[in-house]
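Undergrad: dropping the sequence and predicted coords here.
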Amino acid sequence: MSSSSPDVIVIAYLQDTLSHINFYFGLFIFIFGIVGNILNILVLSQRTLRSNPCVIIFLGSSTAGIIAILSGLTSRVLSGIAVDLSATINWICKFRVFILFVSRATTFWLIMLATIDRWLISNIDVHRR
């Protein structure tokens, strides 16, 4: 089976379009994710809020979220501009994926712990408070 010239052109066009979408949406998520998590950290690190244990959990979750965004989206956004080092150097790829998965899992687990904390504090049963 040989591919005809229009098929090759369509495939090249779709790959170029996908590369642009990947770059611009990744950049959008990167900017707003970093700004949102930094604002969370600034608000939650105020002295009056730090007495609440749930705030400390959300502070850790925002920190893990920044690490997840930096480790996951940096190489994706930079691959649209320059050479992706995680695609050429094997140990960087493995380390980036490890950090990404650990930080994403940490973010979700901390939010789950904050949910359980809020449920236990607002429970009717006195022994669970």
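TA: Arrived safely, thanks for sending.

Undergrad: ok, and what's touching stretch 35-51?
TA: 55, 56, 58, 59, 62, 63, 65, 66, 69 (Cβ atoms under 8 Å, 6 or more residues apart in numbering). For glycine as for every other residue, the C-beta is placed from the backbone atoms N, C-alpha and C.

Undergrad: mind running it again at 10 Å?
TA: Stretch 35-51 is contacted by residues 52, 54-70, 107 when judged by Cβ atoms under 10 Å, 6 or more residues apart in numbering.

Undergrad: and these, which are buried?
TA: 55-70, 107 (16 or more other Cβ atoms under 10 Å).

Undergrad: out of these, which sit inside strands?
TA: Of those, none are assigned to strands by DSSP state E.

Undergrad: pLDDT-wise, which helix or strand of the chain ranks last?
TA: Within the chain, confidence by mean pLDDT, DSSP states H and E is lowest for helix 85-88 among all helices and strands, at a mean of 71.

Undergrad: remind me which residues of the protein are low pLDDT?
TA: The chain contains residues with pLDDT under 70 at 1-4, 80, 83-86, 126-129.

Undergrad: select the longest helix from it.
TA: helix 5-44 (DSSP state H).

Undergrad: buried ones in that helix, by neighbour count?
TA: In helix 5-44, counting by 16+ other Cβ under 10 Å, buried: 23, 26, 30, 33, 37, 40, 41, 44.

Undergrad: and the gap between the first one and residue 120?
TA: Distance, residue 23 to residue 120, by Cβ to Cβ, to the nearest Å: 44 Å.

Undergrad: thought residue 73 was touching residue 67?
TA: No - using Cβ atoms under 10 Å, residue 73 is not in contact with residue 67, being 11.3 Å away.

Undergrad: between the two, what contacts are shared?
TA: Residues touching both residue 73 and residue 67 (Cβ under 10 Å, 6+ apart): residue 100.

Undergrad: sec struct for residue 81, please.
TA: Secondary structure state of residue 81, per DSSP: H, G, I helix; E, B strand; the rest coil, is coil.

Undergrad: could you measure from the nearest residue to it once chain neighbours are set aside over to residue 77?
TA: Distance criterion Cβ to Cβ, 6 or more residues apart in numbering; nearest residue to residue 81, sequence neighbours excluded, is residue 23 at 7.6 Å. Residue 23 sits 6 Å away from residue 77 when distances are taken as Cβ to Cβ.
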